[in-house]
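[1] just a sequence and a predicted model for now, questions to come.
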Amino acid sequence: MESGGPGNTGRVDADPGFYGPSSVTWQMHGDPMMWVAGIRALYLQALHPPTVRGVLQNSDLRRDAWGRLMRTANFVGTTTYGTTEAAERMAARVRKIHGMLGATDPDTGERYAVDEPELLLWVHCAEIDSYLHVLRRSGFRLTEAQADRYVRENRAAAALVGLDPEQVPADQAELAAYFEKVRPELAAGPEAREVDDFLRRPPIHPLLVPARALLWRRVANLAYAALPPYAHELYGRPSPSPATVTRRLRLTGTLLRRIPARVRWQLPPKHVLRAMARLGPGARPAPYKVGGRIG
C-alpha cells in the first residue's frame, strides 16, 4: 500500500496510517460528495438479501439510523486518516462485533454469520463503487489509472474487516466483473423496501420535518438516481435521465465544495484535521494532488 513518506508530511516521526497523503484515497475521502456516495452505497447494499437481512435482524434501523450512518463514516474516516494503530483497533472492534452476530433466512430457516466473506465482499464493493462513481460523476477528476489505483488501494480496507485482499477486486474491470457475477442474486425484497422507506423518510423531530422534505429528501433522491439502471429496475422506482442526474450531481458537488474545507472538516469526528495536525499542513486532501481538478 502506498503512503505518504516524510517528504510529503514534513514530520519524519509521524505515522501516515494505511493510506497516507500520496494515495488517491486520501484525496477522495475528504470530498463532501462522500455523503451522497455513502447513501448510494446503502441503497445498493440493501439489494443483497442476505446482507440487508443481517443488518435489519441485528439492529433497529429506525431507532439508531443516524448512529449507524455516523459509525460507518467514522470507520471510513479512521481507516483513511487515522494512525495505523487507530485503524487496526477500530477494525478489530468491528470484526469482534460482526463475529458475534448472525441472521436467519426466513424461507429456509438457515442460520448464517454476518461476517461471511460473501457478505463482507458485497458491502465493500458497493461502497467502493459508490464512492468512485459519485465523486467522478460530480466533477472530481481522475484518470482511469488513478481510478484503478483507488480500487486497488482499498484492498487495505477490505483486509481490515476480515477479507483476503487477494480475493477483492483490484481495478475497475475486476469490480465490474464482480457486479456482473452477483447481479442474479440481487433483489428488492421487504428488507430493501424498509431501507428505501427509511432513506426517503428518516425519523426526525417533528420540527425538522420541513427540513427533511427540503434538504434530506433531495440528497436521498440524488443518491438513488445515481444508482445503476438495474438497481432502479429492482426497486421499481424511475429515475431521471442519466444526463439530468449527472447535471444534478455536478451542481451539488459544486455547491458543497464552495463551503470552505476547514469549515466542513470541523464537523465531528474531525479526522482530516487531526491527520493534518499529526502530519503537517502538506497532508491536506485536495483534488489537484491526484493530477485532476474540479470542473
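    Good, I have the coordinates.

[2] and T80, that's in a helix?
    Yes: under DSSP: H, G, I helix; E, B strand; the rest coil, T80 falls within a helix.

[3] now do the contacts for it.
    Contact analysis of T80 by Cβ atoms under 8 Å, 6 or more residues apart in numbering lists G17, F18, Y19, T25, W26, H29, H271. C-beta coordinates here come from the backbone N, C-alpha and C atoms, glycine included.

[4] hmm, try it at 7 Å
    For T80, the contacting residues are Y19, T25, W26, H29, by Cβ atoms under 7 Å, 6 or more residues apart in numbering.

[5] where along the stretch 1-150 of the chain do the helices fall?
    For the stretch 1-150 of the chain, applying DSSP state H, counting those that start in this stretch gives helices covering 6-9, 24-28, 34-45, 49-56, 65-81, 84-99, 117-137, 144-153.

[6] just name the most buried of the ones you listed.
    Across the helices of the stretch 1-150 of the chain, averaging neighbours per residue (mean count of other Cβ atoms under 10 Å) puts helix 24-28 on top, at a mean of 27.

[7] helices or strands next to it in the packing?
    helix 144-153 (3 or more Cβ pairs under 7 Å, 6 or more residues apart in numbering; DSSP states H and E).

[8] and the next element down the chain from the helix it packs on?
    Next along the chain after helix 144-153, taking DSSP states H and E as the criterion, comes helix 155-160.

[9] and that next one, what does it pack onto?
    Under the contact rule (3+ Cβ pairs under 7 Å, 6+ apart), helix 155-160 is packed against no helix or strand.

[10] following element in sequence after it, please.
    Going down the chain from helix 155-160, the next helix or strand is helix 172-182, by DSSP H and E.

[11] in the stretch 1-150 of the chain, what spans have low per-residue confidence?
    Along the stretch 1-150 of the chain, the parts satisfying pLDDT under 70 run over 1-13, 61-66.

[12] rerun that using 80 as the cut-off
    Low-confidence segments of the stretch 1-150 of the chain, defined by pLDDT under 80, span residues 1-13, 60-69.

[13] same check on the stretch 151-295 of the chain?
    In the stretch 151-295 of the chain, residues with pLDDT under 80: 202-215, 291-295.

[14] quick one, strands of it?
    Taking DSSP state E, counting those that start in this stretch as the criterion, the stretch 151-295 of the chain contains no strands.

[15] tally of neighbours for Y230?
    Counted by other Cβ atoms under 10 Å, the residues lying close to Y230 total 12.

[16] now for the nearest residue to W265 once chain neighbours are set aside: which residues touch it?
    Leaving aside its sequence neighbours, W265 sits nearest to V272 (Cβ to Cβ, 6 or more residues apart in numbering; 4.5 Å). V272 sits next to G30, Y81, W265, P285 when contact means Cβ under 7 Å, 6+ apart.

[17] identify the farthest-apart pair in these.
    Y81 and W265 (10.0 Å; Cβ to Cβ).
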